[in-house]
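Asks: give me coordinates for this.
(2 chains)
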Number of protein chains: 2
Amino acid sequence: MLVDGVPYRTIWPIEDGRAVRIIEQRRLPHEFVAVDLGSLEDAAAAIRDMAVRGAPLIGATAAWGVALAMAADPSDAGLGAARATLAATRPTAVNLRWALDAMQAALAPLPPDRRAAAARARAAAIADEDVAINRGIGDAGLPILAEISRRKGGAPVNVLTHCNAGWLATVDWGTATAPIYRAVEEGVAVHVWVDETRPRNQGAALTAWEMASHGVPHRLIVDNAGGHLMQRGEVDVVIVGTDRTTARGDVANKIGTYLKALAAHDNGVPFYVALPSPTIDWTLGDGMAIPIEERGGDEVTQVWGRASGGGLDRVRIAPEQTQAANPAFDVTPARLVTGLITERGVCAASAEGLAGLFPERAVA
Amino acid sequence: MLVDGVPYRTIWPIEDGRAVRIIEQRRLPHEFVAVDLGSLEDAAAAIRDMAVRGAPLIGATAAWGVALAMAADPSDAGLGAARATLAATRPTAVNLRWALDAMQAALAPLPPDRRAAAARARAAAIADEDVAINRGIGDAGLPILAEISRRKGGAPVNVLTHCNAGWLATVDWGTATAPIYRAVEEGVAVHVWVDETRPRNQGAALTAWEMASHGVPHRLIVDNAGGHLMQRGEVDVVIVGTDRTTARGDVANKIGTYLKALAAHDNGVPFYVALPSPTIDWTLGDGMAIPIEERGGDEVTQVWGRASGGGLDRVRIAPEQTQAANPAFDVTPARLVTGLITERGVCAASAEGLAGLFPERAVA
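Replies: Residues are numbered from 1 along each chain as shown, chains lettered A, B, ... in the order given. Okay, here's the model as predicted:
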């Protein structure tokens, strides 16, 4: 999407694919800088340390990580090592494994001397497919916003979103934001409530930056505020992303999503989850079986931002003696989800709903 | 309660009541300092700028503010001006008006030359009454924790709390924390999940500091995490405070409380509200009629704490162009509240429940 009027993606090849360039997301919203990844180790570190994040972008970065690895060592051992290294970076993201499987399927049958070029082509295709999928999510979700806009006589549609399921979490368009960007494109007035999304503040740092950079009206709120706004009628619809959705429609997403789903349900506010189909875990029914990543407590006790002197710093908000717990995701049961917005259309959050849109994937 | 083994209150008279000393709560948890209030203006500023906060402590500070004003100008005009100045500091807190009414009732009938001494005595009594009330809340709530402990075979009772309804929010004991401190006193093992409570982080800064200072096992969590912990069975009971509870049991409390109540209800976790009876607004039935304070957006976009260099600083977490909305409270409907813990005992969150405990106050 646009950054001060210039179109960007989050990852793109340079030097004929011998390296890739990414937006260094840990510096946003304060500094907009791109960094180059030249090796498997660079790509793995970028995923593990969250220079890139978001399920689809993690998948695309992993695919490019395999391509960078093939340029250095295209042997079977090299391919296996690349896969193992990248798979270990983030345990919850199903797209990561999906992308690694896709690369494996494309490369394993080839002789080693053809793998580097094939890997570059397949990684580029995975990135392009992600853009097409997200644009498709936008097309599918647009009528939801357009219909609310119509009911409100053209007054801005108040959309609440959590974390960053924006274009920064994908290659372009985003998932939860794709319907918003499509609405803007079509002249449907929107206003976005941006949950700051503690502890890492992806909403405040990334979604708010996206909205500001693309020129979408928005206001930042603390994660605590959404229920109150729904009680007062100030939220028309909630759209969030997901890191993994089960075949029955349970949704694992950034910690706190479940609380917003409860509030939406209690107030009759539609609650949609936007997801590219690679995010669906067809092997799993019950969302409570999804392993939840527990991250370090420093993310809770310290907050990063621009200090009063202008530099970037962390401030500690808790007593030195206090320890923190930091579960990174929660699971929203399907019963709280109004619908799933996929690249093939909107469906109910249920085995039947998903099977209707993806009959070739659903397990009987 | 204890600070490194020494018992403290949050406000106490010095120099025979010609001034009062408070704990400067905006410096916690990083610095433990006391400051003196010598005038009406000092007291009003302490309330308005949140050097003191929490409904009962605001009431006690307002009472002392009137006493300080009477020392300077005990005329009817002086009394009226003191009342008006203090009433304007925080619009939501009902205790503030309750304390001002009590001071008015004690002082208005007296000749001006007797008002200063009477005001000091009444303010000291209001503070002592608050301590007795909170101790009573602790006694009433203790059996709830003791019973859970018994059912768990003595394993620690996991209590989740939001914001700071601790002794720092009162004169001593706290409201939501009083049952916890009583449990500790009685040898009932507890572990407290401390919601950080954005935007002002009263949980991270104050409740965690209280727990650490008094030696209560606790862990800090982001406000987003509580629902997940309840889904996983890691919360046995929620106890929060309130700034105002209606005669039908609707509860206005720090923003985000409603979300925790929804999660507790969804997971069968008991959700209690601890309240001193002056916090009950007998004139109001429907909590949705409670005016909600909207505070400045800087509280959302900037986070305060100890910087890496050791000094206290604020960091900005959002883009410069991004505006924030900042409602300070939300309303939890009575249907989500398991019980109200008052100084007279525990009752249902309903007109009938409250009328049973406070028959002399309930409106027929």
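Asks: what's the helix or strand for the nearest residue to A:Gln104 once chain neighbours are set aside?
Replies: Distance criterion CB to CB, 6 or more residues apart in numbering or on different chains; nearest residue to A:Gln104, sequence neighbours excluded, is A:Arg83 at 6.3 Å. In short, each C-beta sits where N, CA and C put it, glycine included. Using DSSP states H and E, the element containing A:Arg83 is helix A:76-87.
Asks: quick one: average pLDDT of that helix?
Replies: Across helix A:76-87, pLDDT averages out at 98.
Asks: next one: stretch A:278-289
Replies: Averaged over stretch A:278-289, pLDDT sits at 92.
Asks: surely A:Ala63 is in contact with A:Gln104?
Replies: No. In this structure A:Ala63 lies outside contact range of A:Gln104 using CB atoms under 8 Å: 10.6 Å.
Asks: neighbour count winner among the two?
Replies: Applying other CB atoms under 10 Å in any protein chain shown to A:Ala63 and A:Gln104 shows that A:Ala63 carries more neighbours, namely 31 against 15.
Asks: return the residues in contact with the more buried one.
Replies: Each residue near A:Ala63 by CB atoms under 8 Å, 6 or more residues apart in numbering or on different chains is listed here: A:99-100, A:102-103, A:122-123, A:126-127.
Asks: what's the pLDDT at it?
Replies: Predicted confidence (pLDDT) for A:Ala63: 98.
Asks: helix or strand: which one has it?
Replies: helix A:55-72.
Asks: I'd guessed A:Ala274 sits against A:Ala165; true?
Replies: Yes. Contact criterion CB under 8 Å: A:Ala274 and A:Ala165 qualify, at 6.5 Å.
Asks: who in the stretch 1-150 of chain A is up against chain B?
Replies: A:29-30 (CB under 8 Å from any CB of the partner chain).
Asks: let's see 7 Å
Replies: Contact residues (CB under 7 Å from any CB of the partner chain) of the stretch 1-150 of chain A with chain B: A:Pro29.
Asks: the residue in the stretch 1-150 of chain A positioned nearest to chain B: what secondary structure?
Replies: Residue nearest to chain B within the stretch 1-150 of chain A: A:Pro29 (4.1 Å; CB to the nearest CB). At A:Pro29 the chain is in coil, as set by DSSP: H, G, I helix; E, B strand; the rest coil.
Asks: got the contact list for the residue nearest to A:Lys152 when sequence neighbours are not counted?
Replies: Spatial nearest neighbour of A:Lys152, chain neighbours left out: A:Asp236 (7.3 Å); criterion: CB to CB, 6+ apart. With contacts defined as CB atoms under 7 Å, 6 or more residues apart in numbering or on different chains, the neighbours of A:Asp236 are A:148, A:157-159.
Asks: repeat the analysis, applying 10 Å as the threshold.
Replies: A:Asp236 sits next to A:144-145, A:148-149, A:151-152, A:155-160, A:190-191, A:193, A:230, A:269-270 when contact means CB atoms under 10 Å, 6 or more residues apart in numbering or on different chains.
Asks: and if you look at A:Arg232?
Replies: By CB under 10 Å, 6+ apart, the contact list for A:Arg232 reads A:267, B:288, B:292, B:327, B:330-331.
Asks: and A:Gly356, by the same measure?
Replies: A:344-345, A:347-348, A:350, A:362.
Asks: now do A:Glu299
Replies: Contacts of A:Glu299 by CB under 10 Å, 6+ apart are A:198-201, A:324, A:326, A:328, B:222.
Asks: that's a helix at it, yeah?
Replies: Yes. Judged by three-state DSSP, A:Glu299 forms part of a helix.
Asks: sticking with A:Tyr181, tell me its helix or strand.
Replies: Applying DSSP H and E, one finds A:Tyr181 within helix A:178-185.
Asks: quick check: what element follows that helix along the chain?
Replies: strand A:190-195.
Asks: close to chain B, is that following strand?
Replies: Yes. For strand A:190-195 and chain B, the contact criterion (CB under 10 Å from any CB of the partner chain) is met by A:193-195.
Asks: any of the residues you listed buried? List them.
Replies: When the residues of strand A:190-195 next to chain B are checked for burial by 16 or more other CB atoms under 10 Å in any protein chain shown, the buried set is A:193-195.
Asks: related to what we said a few turns ago, list the contacts of the residue nearest to A:Gln104.
Replies: A:62, A:65-66, A:69, A:97, A:100-101, A:103-104, A:107-108.
Asks: what's the lowest-pLDDT member of those residues?
Replies: Lowest pLDDT among the contacts of A:Arg83: A:Arg97, 92.
Asks: got a list of what that one touches?
Replies: By CB under 10 Å, 6+ apart, the neighbours of A:Arg97 are A:59, A:62, A:83, A:86-87, A:90-91, A:278, A:281.
Asks: reformat the contacts of A:Glu299 as JSON lines; add pLDDT, distance to A:Thr10 and neighbour count.
Replies: Formatted as JSON lines, the contacts of A:Glu299 follow (pLDDT from 0 to 100; distance: CB to CB, whole Å; neighbours: other CB atoms under 10 Å in any protein chain shown):
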{"residue": "A:Arg198", "pLDDT": "98", "distance to A:Thr10": "23", "neighbour count": "29"}
{"residue": "A:Pro199", "pLDDT": "98", "distance to A:Thr10": "22", "neighbour count": "28"}
{"residue": "A:Arg200", "pLDDT": "95", "distance to A:Thr10": "17", "neighbour count": "25"}
{"residue": "A:Asn201", "pLDDT": "97", "distance to A:Thr10": "18", "neighbour count": "26"}
{"residue": "A:Ala324", "pLDDT": "98", "distance to A:Thr10": "30", "neighbour count": "24"}
{"residue": "A:Asn326", "pLDDT": "98", "distance to A:Thr10": "25", "neighbour count": "22"}
{"residue": "A:Ala328", "pLDDT": "96", "distance to A:Thr10": "20", "neighbour count": "21"}
{"residue": "B:Val222", "pLDDT": "98", "distance to A:Thr10": "26", "neighbour count": "25"}
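Asks: what's around A:Gly296, how many residues?
Replies: 11.
Asks: quick check: the closest residue to it other than its chain neighbours vs A:Ile290, distance?
Replies: Of all residues not flanking A:Gly296 in the chain, A:Asn326 sits nearest, at 6.4 Å (CB to CB, 6+ apart). Using CB to CB, to the nearest Å, A:Asn326 is found at 17 Å from A:Ile290.
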